[in-house]
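Visitor: The following block contains a protein sequence and its predicted model.
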Amino acid sequence: MLQVIANIRSRYRLALLAIAILSSATALLLQSLISIQKDDAQVINVAGKQRMLSQKIAWYANTMHHHNTLQHKKSLQQAARDFKYGHHFLIKKAESGEYLYLDDALISHYFSPESKLAEQSEQFYAAVALFLQSNDLSLIPEEFEVDEVEIFLKQLDKAVSLFEQQAKDKVTLISYIELGFWLVTLCLLFIELKLIFQPMEKHIMTTLDKYQQQKQHAELVSKTKERFIARASHEFRTPLQGLINAINELETSTSQHTLKQQAQYCSSRLLNILDELHEAQLLSSGQWQLTPVKSNLLETLEAVIHSYQFSYQQNSIELVKDLSSELNCTVELDHRRLQQVLGELLNNALKFTKVGQVVVSASLPNQQQLLLTVSDTGIGFSKQYPYLSTPVEIQDTHFQGMQMGLARVQHILRAQNANIEFIDKEPTGALVSIVLPVCITQEQGETSQLPHKLHCLVVEDNPLNAMILNGILKAINYTSDLAENGLIATDKVADSNYDVIFMDLNMPVMDGFRAIDIIRQELNLATPIIVVTANTSQADLEKAYQLGADGHVYKPINNDTIKKALIDVLNKG
């Protein structure tokens, strides 16, 4: 892009320089011609005055012949001086010897043997001088006789005409020169258009097309990446749903309890990795936002701590929790994002603590703020604890997670107006303290929020996922029917009444999008629709809501997520 700008700049400069040179040359030449032409008025005036002076001289001379007065003599002398000056002015020469005001026609008129105007003029004012010096004024020189004066006046008239013609010729020349420069300017502009501006425009258009193609390619790559992440998330979440459900349903002996914990931890880590990918995609696309919900704060924190118990036991690190009883209340905030923050703190504390313990403390000191601290006996901040660096700058040999934890923690806390503080402990260890604003709401039991009876339709093509969802609904004492695709679902909805529809999006024959559209637009039904999907694409989710969905849950699902979705949807409005 910088090369394109430099190329355009150089071309513009070349074009402007050419126009500037031509304009300057035109202005200088025109100024020169105008400076020459401005003398023409004076020259024509002097030539015309010569004609008038010759008449005055003849008249004064004849008048003095009858009335010799001093006034007439002075007037005759002045007229003679003016005539002589005018004659010398008109035939003045430059230092090079060329006449200043006479062209070829005027030179011929003044000095050719046929006209001899210069000689006649000199004889005329010479005769005046002799007449003024003569004591006998009764003798009038023949130059002052009527016939001679008439001939002389004709010669002077012709001189005036020739001077006027000379001025007209100059004006015509200037007009031609102006026209010539105008044509040259047009030609120059045409040349610049063909050789500078059109190639420059073509170059700009080519470059813009190139960048447009690159932009479209980048957008396509971004969309492809989003679709890939959504598809990969979908493909992982579907079997993960069955894995988590199977692990939770396993009845193990006391000796196998550790294996069950290990399986639960591993499945939880897989789910966290999928969540991290989803979060990264939302951040890169600018679609990330908080999702505040009302839930029990104590249960939210304990769920995270419980998921890390096995990992800490494996590393011989004691995980101590000190959770105040006042946390057993319902607060409205983004509980899932809070779990991500605490999980990242526990993960990094474990990573940088070799021996000792990690203590998680939480309380509500003023009922409006959550004080959450994670204290460890590790290397501390003075030894380049990772929270003091960006993820790119962390230099360690650990490869757990997606290396996006710190950025995500900072982003989540900043969005929730929370403060995080890092303190070095003595003699060793680190303390991370978070102060998070919370809004305590009136606690309501699920039994009072959920109806006692619901008849649901489960639209799911995967038999395992359908079995899990039906099992969850049965555990809440709700009845349900199954539809393997959207087409069967629309037929069932048209024939039977359902209180809630659980709709998968990606199905054969007819997908969930089309099924939602038919239920809302063609069947005109307002039955609550909860999307149950492993597809984490934000665009697909927004499309489902635009078509008429009322809520959504991501796979893998469990009793709590389904209950929460039912509470939100059934208590809307």
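Guide: Thanks, I have it. Numbers count the residues shown, from 1 in each chain.
Visitor: going forward, measure contacts between C-alpha atoms and count neighbours the same way
Guide: OK.
Visitor: Can you pull the phi/psi pair for residue 371?
Guide: Dihedral pair for residue 371: phi -100, psi 110, per degrees, to the nearest 10.
Visitor: I figured it was touching residue 438, is that so?
Guide: No: with contacts counted by Cα atoms under 8 Å, residue 371 stays clear of residue 438, the gap being 10.1 Å.
Visitor: Show the residue spans covered by the strands in the stretch 351-500 of the chain.
Guide: 357-363, 369-376, 419-424, 430-437, 440-441, 455-459, 479-483, 500-503 (DSSP state E, counting those that start in this stretch).
Visitor: For the shortest one, name the packing helices and strands.
Guide: The reference is to strand 440-441. Contacts defined by 3 or more Cα pairs under 8 Å, 6 or more residues apart in numbering; DSSP states H and E place strand 440-441 against strand 330-333.
Visitor: for the strand it packs on, packing partners?
Guide: In this structure, strand 330-333 packs against strand 293-296, strand 440-441, with contacts taken as 3+ Cα pairs under 8 Å, 6+ apart.
Visitor: now the ones you listed in a markdown table, with mean pLDDT and distance to residue 243?
Guide: Below are the helices and strands packed on strand 330-333 laid out as a markdown table (pLDDT from 0 to 100; distance: least, Cα to Cα, whole Å):
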| stretch | mean pLDDT | distance to residue 243 |
| --- | --- | --- |
| strand 293-296 | 82 | 26 |
| strand 440-441 | 83 | 35 |
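Visitor: out of those, nearest to residue 308?
Guide: Closest approach to residue 308 among the helices and strands packed on strand 330-333 (Cα to Cα): strand 293-296, 19.5 Å.
Visitor: Next secondary structure after the closest one?
Guide: For strand 293-296, the succeeding helix or strand toward the C-terminus, using DSSP states H and E, is helix 297-314.
Visitor: gap between that following helix and the chain center?
Guide: On the basis of Cα atoms, centre = their mean, to the nearest Å, helix 297-314 sits 46 Å off its chain's mean C-alpha point.
Visitor: who's in contact with that helix?
Guide: 258, 261-262, 264-265, 268, 318-319, 321, 323, 325, 327-331, 335, 339, 342-343, 346, 350 (Cα atoms under 8 Å, 6 or more residues apart in numbering).
Visitor: In helices only, show me the residues you listed.
Guide: Using DSSP state H, 258, 261-262, 264-265, 268, 335, 339, 342-343, 346, 350 are the members of the contacts of helix 297-314 that sit in helices.
Visitor: Among these, which pair sits farthest apart?
Guide: So, these by Cα to Cα: farthest apart are 258 and 335, at 27.9 Å.
Visitor: In terms of neighbours, single out the busier of those two.
Guide: A count of neighbours by other Cα atoms under 10 Å puts residue 335 above the other of residue 258 and residue 335, at 21 against 14.
Visitor: Quick check: the gap between the residue nearest to that one when sequence neighbours are not counted and residue 489.
Guide: In this structure, residue 335 finds its nearest non-sequential neighbour in residue 300, 6.5 Å apart by Cα to Cα, 6 or more residues apart in numbering. Separation of residue 300 from residue 489 (Cα to Cα, to the nearest Å) stands at 35 Å.
Visitor: now residue 504
Guide: Distance from residue 504 to residue 489, by Cα to Cα: 11 Å.
Visitor: same thing with residue 181?
Guide: From residue 181 to residue 489 the distance is 83 Å (Cα to Cα).
Visitor: Quick check on those two: which one has the bigger neighbour count.
Guide: Applying other Cα under 10 Å to residue 181 and residue 489 shows that residue 489 carries more neighbours, namely 25 against 17.
Visitor: How far off centre is stretch 426-434?
Guide: 45 Å.
Visitor: Now do the buried residues in it.
Guide: 429-434 (16 or more other Cα atoms under 10 Å).
Visitor: again, but for stretch 521-535
Guide: Per 16+ other Cα under 10 Å, stretch 521-535 contains these buried residues: 527-535.
Visitor: Name the spans of the stretch 251-400 of the chain whose pLDDT lies under the cut-off.
Guide: The model of the stretch 251-400 of the chain has pLDDT under 70 over residues 278-288, 381-400.
Visitor: give me the element the closest residue to residue 144 other than its chain neighbours is part of.
Guide: Of all residues not flanking residue 144 in the chain, residue 58 sits nearest, at 5.1 Å (Cα to Cα, 6+ apart). Using DSSP H and E, residue 58 sits within helix 2-66.
Visitor: What helices and strands are in contact with that helix?
Guide: helix 70-90, helix 146-192, helix 198-249.
Visitor: Please repeat the previous calculation with a cut-off of 10 Å.
Guide: When contacts are defined as 3 or more Cα pairs under 10 Å, 6 or more residues apart in numbering; DSSP states H and E, helix 2-66 sits against helix 70-90, helix 117-133, helix 146-192, helix 198-249.
Visitor: Nearest to residue 10, out of the ones you listed?
Guide: Taking Cα to Cα, helix 198-249 is the member of those nearest to residue 10, at 10.3 Å.
Visitor: Hmm, residue 478 is touching residue 454, no?
Guide: Yes: using Cα atoms under 10 Å, residue 478 is in contact with residue 454, at 5.2 Å.
Visitor: Can you check which residues contact both of those two?
Guide: With Cα atoms under 10 Å, 6 or more residues apart in numbering applied, the contact sets of residue 478 and residue 454 do not overlap.
Visitor: Who does residue 330 form a beta bridge with?
Guide: residue 296, residue 441 (DSSP bridges).
Visitor: so it makes contact with residue 367?
Guide: No: assessed by Cα under 10 Å, residue 330 is found out of contact with residue 367, at 11.6 Å.
Visitor: Name the residues contacting each of these two.
Guide: Common neighbours of residue 330 and residue 367 (Cα under 10 Å, 6+ apart) are 438-440.
Visitor: Let's have these in CSV, adding neighbour count and distance to residue 75.
Guide: Shown next, in CSV, are the shared contacts of residue 330 and residue 367 (neighbours: other Cα atoms under 10 Å; distance: Cα to Cα, whole Å):
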residue, neighbour count, distance to residue 75
438, 19, 116
439, 14, 117
440, 19, 120
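Visitor: can I get these in TSV with distance to residue 117?
Guide: Converted to TSV, the shared contacts of residue 330 and residue 367 look like this (distance: Cα to Cα, whole Å):
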residue	distance to residue 117
438	116
439	117
440	120
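Visitor: center of this structure, which residue is that?
Guide: Residue closest to the average C-alpha location in the chain (Cα atoms, centre = their mean): residue 215, at 13.3 Å.
Visitor: show me the contacts for it.
Guide: So residue 215 contacts 209, 221 (Cα under 10 Å, 6+ apart).
Visitor: how close does it get to residue 274?
Guide: 28 Å.
Visitor: Would you tell me which one of the helices and strands packed on strand 330-333 is buried the most?
Guide: Each of those was given a mean neighbour count from mean count of other Cα atoms under 10 Å, and the largest, a mean of 18, is that of strand 293-296.
Visitor: Any chance you could list what contacts that one?
Guide: Contact partners of strand 293-296, identified using Cα under 10 Å, 6+ apart, comprise 327-336, 439-444, 564, 568.
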